[in-house]
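A.B. asks: fold the following for me, if possible:
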Amino acid sequence: MPDKKACTIPPLPPFWAAVLDASYNGIIVIDCDGVIALYNQAARRIFGEGHTSFVGHHISDIRPGVWPSMRRIIQSGEPQIGLKLSLGDTTIIANRTPVVVDGQVQGLISVFQDISEYETITSELQTFQRLNHELEAIIESSYDGLYVADGNANTIRVNHSYERITGLRREQLIGRNMNDLVRERIFDHSVTLEVLEKKEPVTLLQQIKGDKQVMVTGTPIYDDGGDITFVVTNVRDITELNELRRKLETSERITSRYFQTLKENDGVEHVLQDMVIKSQRMMQVVRQATKVADADTSILLLGESGVGKSMLARLIHQIGRRKDRPFVKINCGTIPSSLMESELFGYEKGAFTGAVTAGKAGLIEAGHTGTVFLDEIAEIPPELQVKLLEIIEEKTFTRVGSNQPQKVDVRILAATNRDLAAMMRRGEFRQDLFYRLNVIPIAIPPLRERSEDIPALALNVLETFNREHATRKRLEPKVMDALNRYAYPGNVRELIHIMERMILLSDGDLLTLEDLPAEITGPACQPQNLDTEGLTLKESIAALEAQMIRQALEQTRSLAEAADRLRVHPTTLWRKMSRYAISSNIAKSQ
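C.D. replies: A predicted model of the protein is given here:
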């Protein structure tokens, strides 16, 4: 504890008092009893005390609560440095140091500074750094290349996508003037120089080092005085687009010749109109079907319910050599098992109670010289499968109640949404019949795997309704977006029913989101669980992969973001999208 006699602090001479009053920092000096000996003008300004003098007052009179901590400093002789205090809206930093004379503590001096402005500057700097980091992330995540030059055509930055597209490294470009880069034939010409000359946005094709072609759009950035400070160039690789365009043009020429050939057959135009196919996968299915249409070989159509197996079967019949003969469709799933034999193969008179007196021809017999389409073939019980095998192998059958085989000339087309191979292994489907039917299997992809067909099918239903009812119904763009996002567990059949229901229940000519059923606009529009019944492991994995790709595209804004979410390279994603015929338009535009 300091000596009481040593606590007296003599008054300062006027000169030194004036010097301390001239200090920008606040200064308060107290003796060892807490009595204020000096309180300069900066202290009065910081504490908002105006011109009031507190010399001679105890420190607790003006700053309640600070005396205990100050007394500890006086008692211990230990200073307190860098103390941060809040005084309302003001933040100060204070250094409290004991005043020692001849080895005795005579009081304490507190020197403090208002750092509110520095706090504001620090906060603004942190905000600027955060925004700069966000801008950096946005620029680097852009799938398109970005090239930025200043008003003198000096390169100041390029992003990662620019390096990927052009094969040039940023170290080769940053700090270089565009005139030099053109002179060195790194670029054949410069959009930056044209923007600086014309003072307006410019788009052109550019050659990179003579072998890479890109499309560039330069946009000027002006300062307040109207001078160009930066030129921001957006760069897109069109080498890949040109290759895709070439392939598309080739495919369109092939498809055009193919349909021209098809239309030479009577009645094909109507079938093709009904099918409404735009996707390459369905084009391939139809091409495969047309190759075998003229043969008498059995064909097994595979696919989920509602994908269009019946329509494809009718197409095969109408472009084949039996087109002028009967086409008999038999849905095996709708015939009661107790009646199936008599319905398929017919019966003789008196074959069973209630039989027609003269007997009756069966459905297969009705297709003599033509085509019999057995839909849901998996529903035929094993005991009748042997009779069907006899028709395929021997061209004969026997009516119920008869023991006399009859000749029949039919081509058998069959369809199922079940895994016949698995049923065969379980003993539910005859092996010999399976191999007879499976000579030419044709798999029809579900609608969710050929999204290009969705707009065409929807518009076809709409146009047909308008034509038949003399209406002018049309779709709001958002409706088509919603239709494209839906998974369609019921496939084409479900899409047609959705469109018909929406058209019939709508009030006006413009069909909006409010006209869509809840399964499209509500939670049901989320990707559906995959129906893997009838699929091999390889097919199931492919279906899951396609679904995950669509889901990633729907939830992101670009292929790059989708690839990042799936943790694959964008090139790998593009290749898989091509394999599954997935359109890049699925990605959200935001």
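A.B. asks: what's the domain layout of the chain?
C.D. replies: If you go by automatic domain parsing, the domain ranges for the chain are 4-114, 121-237, 265-443, 448-586.
A.B. asks: average model confidence for the first one?
C.D. replies: Averaged across domain 4-114, pLDDT comes to 83.
A.B. asks: now do the second one
C.D. replies: On average, the pLDDT along domain 121-237 is 89.
A.B. asks: likewise for the longest one?
C.D. replies: Per-region confidence: domain 265-443 scores 86 on mean pLDDT.
A.B. asks: can you pull out the strands in the stretch 101-250 of the chain?
C.D. replies: Here the stretch 101-250 of the chain has its strands, by DSSP state E, counting those that start in this stretch, at 104-114, 145-150, 155-158, 202-208, 212-222, 228-237.
A.B. asks: now do the buried residues in the third one.
C.D. replies: Applying a neighbour-count criterion of 16 or more other Cβ atoms under 10 Å, one finds 155, 157-158 buried in strand 155-158. C-beta here means a position set from N, CA and C on the backbone, and glycine is covered the same way.
A.B. asks: centre of the chain to it, how far?
C.D. replies: 30 Å (Cα atoms, centre = their mean, to the nearest Å).
A.B. asks: report the secondary structure element holding residue 75.
C.D. replies: Assigned by DSSP states H and E, residue 75 belongs to helix 67-76.
A.B. asks: can you mark which positions in whichever helix or strand comes after that helix are buried?
C.D. replies: Later in the chain than helix 67-76, the nearest helix or strand by DSSP H and E is strand 80-87. The neighbour-count check on strand 80-87 (16+ other Cβ under 10 Å) flags residue 80 as buried.
A.B. asks: now, which of the buried residues of strand 155-158 sits nearest residue 20?
C.D. replies: Of all those, residue 20 sits closest to residue 157, with 51.9 Å by Cβ to Cβ.
A.B. asks: distance check, residue 13 against residue 24.
C.D. replies: As judged by Cβ to Cβ, to the nearest Å, residue 13 and residue 24 stand 21 Å apart.
A.B. asks: again but with residue 276, I slipped
C.D. replies: According to Cβ to Cβ, residue 276 and residue 24 sit 82 Å apart.
A.B. asks: which of the two has more neighbours?
C.D. replies: residue 276 (18 against 9; other Cβ atoms under 10 Å).
A.B. asks: excluding covalently adjacent residues, which one is nearest to that one?
C.D. replies: residue 460 (4.6 Å; Cβ to Cβ, 6 or more residues apart in numbering).
A.B. asks: give the helix, strand or coil label for that neighbour.
C.D. replies: What DSSP: H, G, I helix; E, B strand; the rest coil gives for residue 460 is helix.
A.B. asks: quickly list what residue 221 is bridged to.
C.D. replies: Per DSSP bridges, the residues bridged to residue 221 are residue 230.
A.B. asks: residue contacts, it?
C.D. replies: For residue 221, the contact set (Cβ atoms under 8 Å, 6 or more residues apart in numbering) comprises 228-232.
A.B. asks: swap the cut-off to 7 Å and go again
C.D. replies: 228-230, 232 (Cβ atoms under 7 Å, 6 or more residues apart in numbering).
A.B. asks: packing partners for the helix of greatest length in the chain?
C.D. replies: Secondary structure of the chain per DSSP state H: the longest helix is helix 116-141. Identification of packing neighbours for helix 116-141 by 3 or more Cβ pairs under 7 Å, 6 or more residues apart in numbering; DSSP states H and E yields strand 90-101.
A.B. asks: could you export the strand it packs on as PDB, CA atoms only?
C.D. replies: The C-alpha coordinates for strand 90-101 follow below in PDB (Å, rounded to 0.1, in the frame of the first residue of the first chain):
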ATOM      1  CA  THR A  90     -18.200   4.600 -28.400                       C
ATOM      2  CA  THR A  91     -15.400   1.900 -28.100                       C
ATOM      3  CA  ILE A  92     -12.100   2.900 -26.500                       C
ATOM      4  CA  ILE A  93      -8.800   1.200 -25.800                       C
ATOM      5  CA  ALA A  94      -7.200   2.200 -22.500                       C
ATOM      6  CA  ASN A  95      -3.700   1.800 -21.000                       C
ATOM      7  CA  ARG A  96      -3.600   2.200 -17.200                       C
ATOM      8  CA  THR A  97      -0.200   2.600 -15.700                       C
ATOM      9  CA  PRO A  98       0.900   3.400 -12.100                       C
ATOM     10  CA  VAL A  99       2.800   6.700 -11.600                       C
ATOM     11  CA  VAL A 100       6.000   5.900  -9.600                       C
ATOM     12  CA  VAL A 101       8.200   8.700  -8.100                       C
END
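A.B. asks: return the distance of it from the chain's centre.
C.D. replies: In terms of Cα atoms, centre = their mean, the centre of strand 90-101 is set 60 Å apart from its chain centre.
A.B. asks: repeat for stretch 368-376
C.D. replies: The answer for stretch 368-376 is 44 Å, by Cα atoms, centre = their mean.
A.B. asks: now stretch 286-298
C.D. replies: Mean-position distance between stretch 286-298 and its chain equals 38 Å (Cα atoms, centre = their mean).
A.B. asks: please consider this matter closed, and thank you.
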